[in-house]
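build me a model:
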Amino acid sequence: MHESPDPVHGRSDPASFWSTTNLAEAYPGILTPLGWTVAGPATEIATRAALAAIGALTPAERAIPDSPEHRVYTVFFGRIATRIDFFCQVGDRMPGTSGPAVADQIFGFVPPGAAGRPVRRRYPVIAARLPPTFAGAPRRSRRAREATARWWPEQIRRCPTLTLDQARSLFVEALARFTMHLTVDGTALLAGTQPVYDQLWRLAESAGVPAADLVTGYGSHEETELVHDLWACSRNRIDLDTVAARYGYHGPNEGEVSARVWREDSAPLQRAVKAYESMPDSADPVAADAARAHARRRAAAHFLAELPAARRPPARLLLRLAEVYLPLRGKVGRLQALDVVRASARRIGARLAISGDLVDPEDVFFLTVDEVLGPLPAGARDLVTERRARHEHYRTLTIPRSWQGEPTPVAGGSASTTDGSPLRGTGVSPGVVEGRIRVVIDPGTDDIEPGDVLVAHTTDPSWATLMFLSSALVVEIGGSLSHAAVVARELGVPCVMGLDGATTRLRNGDRCRVDGTTGEVTVISPAAGA
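Numbers count the residues shown, from 1 in each chain. Below is the predicted model:
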């Protein structure tokens, strides 16, 4: 039988360079056809809009190219990938950096021949657009989040009663809101969070002060609020239903629209609360947050004292800006919007299963956005069967992190171990810890014990429940502003990011030493029987 076109495997210009590193945190694993056709266009629109807002793209470049090969994002074997050479071009237009520097910072990979050629004609445009975009980012972010926080529970409540047409209408509305949040968040990151973070880090290092002490302890991150509520639940101050109602849009693999989140399956929350119950009262995260906030204020005073008098006023301003802009690195609005996409899609699937157009309501996730919203393609049931089989096949494949042209898949995963010499990633949250390794692949089913060293391929906000239990965190993908790094600093957990192959080179039960300052991870004794 002739196979239909594959919606989750794209094409590439032979000269283009790609990487799965940048978006693996937001969209881990293998995307379904609906997952890709929701996430891909929305992320493309948001990225181009955010870059245009700061002047890095022209109005014409803001539009999505007709040719998929020229877009910023595509999908290969179900994995979302980012075109590195596009960001090299953007980097060459930005004052104070270059294409190779941006590629190295975002992807950890610089394409051969990326020498860095400044495009200075964009400098005046960026100089004119960046300040007002910077100034307006916190207000735009706050308003968007507040509006969606009110909207999300209302839509989730009404979804089970919707007709097919009503569910499709809500799907369109939710997808538009999801795209809006990606745009607002991306603009805040590019215009505010990243520049403030970079400037503060460089200034602290020039003064000989540990920069990590100045970028934590702000007490307003959404993931730490989740940990506080779970702790309160473990002490019988609030019930689990209240926690699930507040944070039900979170869950394992929450960036994929077909995932089952906590409002649908609260078992991961129940396991987390049970683990928290076993911890002593002295581990109270609220008290720990207050201590970290106090430590940050002490570090800031020391930082200012180390600077010459003439440099203190701009440094004070930078510290005040950090209090405003660093907490903007949150994802709640987009996740709530995506959850309504998810709920409306499931309602559409249920109606189509009742009418006999689909066999199972979950089959809806193996349709594309256009197919969900319009007339179903001929032979939809057979098409879903074919796509499901392909999806399972893609799970058996591994592709490189970075490549040129189209990637060559390899059957199975790579297995490797360490010879005892230190492994090195990037230290993003300071501290030295020794503990037992626990490699977690699926946070929905894998458990850890308090004090374990959590090792993961990547993380999303739902992992905060496990991070609080861990004594240290080691992640294969990401950098200093990745989700895991931000939450680890707020929780006071030593963290190493970007340790390639961590989930295969480190084994369950091994005892290791994690240095969150130097980025070194050393196995000091193997698991019994290893």
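
my guess is residue 95 is in a helix, correct?
No: assigned with DSSP: H, G, I helix; E, B strand; the rest coil, residue 95 falls outside any helix and is coil.

please renumber so the chain begins at 37
Got it, the first residue is 37 from now on, which makes the last one we talked about residue 131.

which residues touch it?
Counting by C-beta atoms under 8 Å, 6 or more residues apart in numbering, residue 131 makes contact with 159, 162, 163. (C-beta placed from N, C-alpha, C; glycine too.)

just name the closest of these to residue 422, please.
residue 162 (47.1 Å; C-beta to C-beta).

pLDDT wise, what is the closest one at?
Looking at residue 162, its pLDDT is 95.

give me the number of residues near it?
Number of residues near residue 162 (other C-beta atoms under 10 Å) recorded here: 16.

now do the contacts for it.
Taking C-beta under 8 Å, 6+ apart, we find residue 162 in contact with 90, 91, 92, 129, 130, 131.

count of neighbours near the first one?
Residue 90 sits with 22 neighbouring residues when counted by other C-beta under 10 Å.

one more: residue 197?
Close neighbours of residue 197, defined as other C-beta under 10 Å, add up to 9.

contacts only, for residue 387.
Contacts of residue 387 (C-beta under 8 Å, 6+ apart): 199, 200, 203.

repeat for residue 563
The contact partners of residue 563, by C-beta under 8 Å, 6+ apart, come to 543, 544, 545, 546, 547.

can I get these in CSV including pLDDT?
Shown next, in CSV, are these (pLDDT from 0 to 100):
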residue, pLDDT
543, 91
544, 92
545, 93
546, 92
547, 94
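
how much space separates residue 49 from residue 122?
Distance, residue 49 to residue 122, by C-beta to C-beta, to the nearest Å: 11 Å.

what about these two, which has more around it?
Neighbours per residue, other C-beta under 10 Å: of residue 49 and residue 122, the larger number sits with residue 122, 22 against 15.

so that one makes contact with residue 108?
Yes: counting by C-beta atoms under 8 Å, residue 122 touches residue 108, with 5.2 Å between them.

tell me the one of the contacts of residue 162 nearest residue 278?
Of all the contacts of residue 162, residue 278 sits closest to residue 90, with 40.0 Å by C-beta to C-beta.

who are the contact partners of that closest one?
162, 165, 166, 169, 223, 226, 227.

ok, so of those, who is nearest residue 194?
Of all the contacts of residue 90, residue 194 sits closest to residue 223, with 30.5 Å by C-beta to C-beta.

mind checking how far the nearest residue to that closest one once chain neighbours are set aside is from residue 544?
Distance criterion C-beta to C-beta, 6 or more residues apart in numbering; nearest residue to residue 223, sequence neighbours excluded, is residue 86 at 4.2 Å. Look at residue 86 and residue 544: by C-beta to C-beta, they are 40 Å apart.

who's more crowded, the two?
Counted by other C-beta under 10 Å, residue 86 and residue 544 do not tie: residue 86 has more neighbours, with 23 against 14.

list the helices and strands the strand or helix carrying the more buried one packs on?
Residue 86 is part of helix 69-89 when elements are defined by DSSP states H and E. Counting contacts by 3 or more C-beta pairs under 8 Å, 6 or more residues apart in numbering; DSSP states H and E, helix 69-89 packs against helix 95-98, strand 109-112, strand 115-119, helix 200-224, helix 368-390, helix 405-409.

identify whichever of the ones you listed lies nearest to residue 434.
Minimum separation from residue 434 across the helices and strands packed on helix 69-89 (C-beta to C-beta) falls at strand 115-119, 9.8 Å.

contact partners of that closest one?
The contact list for strand 115-119, computed with C-beta under 8 Å, 6+ apart, reads 52-60, 63, 66-67, 72, 75-76, 79, 107-111, 142-143, 435, 443.

now the buried members of these.
Among the contacts of strand 115-119, those classed as buried by 16 or more other C-beta atoms under 10 Å are 52-60, 63, 66-67, 72, 75-76, 79, 107-111, 142-143, 435, 443.

apart from its neighbours in sequence, what residue is nearest residue 348?
residue 340 (5.3 Å).

give the buried residues for the one helix or strand the one you found maps to.
Assigned by DSSP H and E, residue 340 falls within helix 321-342. For helix 321-342, the neighbour count (16+ other C-beta under 10 Å) marks 321, 324, 325, 328, 332, 335, 336, 339, 340 as buried.

got it, and stretch 539-547?
Neighbour count says stretch 539-547 has 539, 540, 541, 542, 543, 546 buried, by 16+ other C-beta under 10 Å.

just the terminal-to-terminal distance for that stretch.
By C-alpha to C-alpha, to the nearest Å, the extent of stretch 539-547 from end to end equals 14 Å.

show me how far that stretch is from its chain's centre.
24 Å (C-alpha atoms, centre = their mean, to the nearest Å).

can you check stretch 461-471 too?
Using C-alpha atoms, centre = their mean, the offset of stretch 461-471 from its chain centre is 20 Å.

now that stretch: mean pLDDT?
Averaged over stretch 461-471, pLDDT sits at 92.
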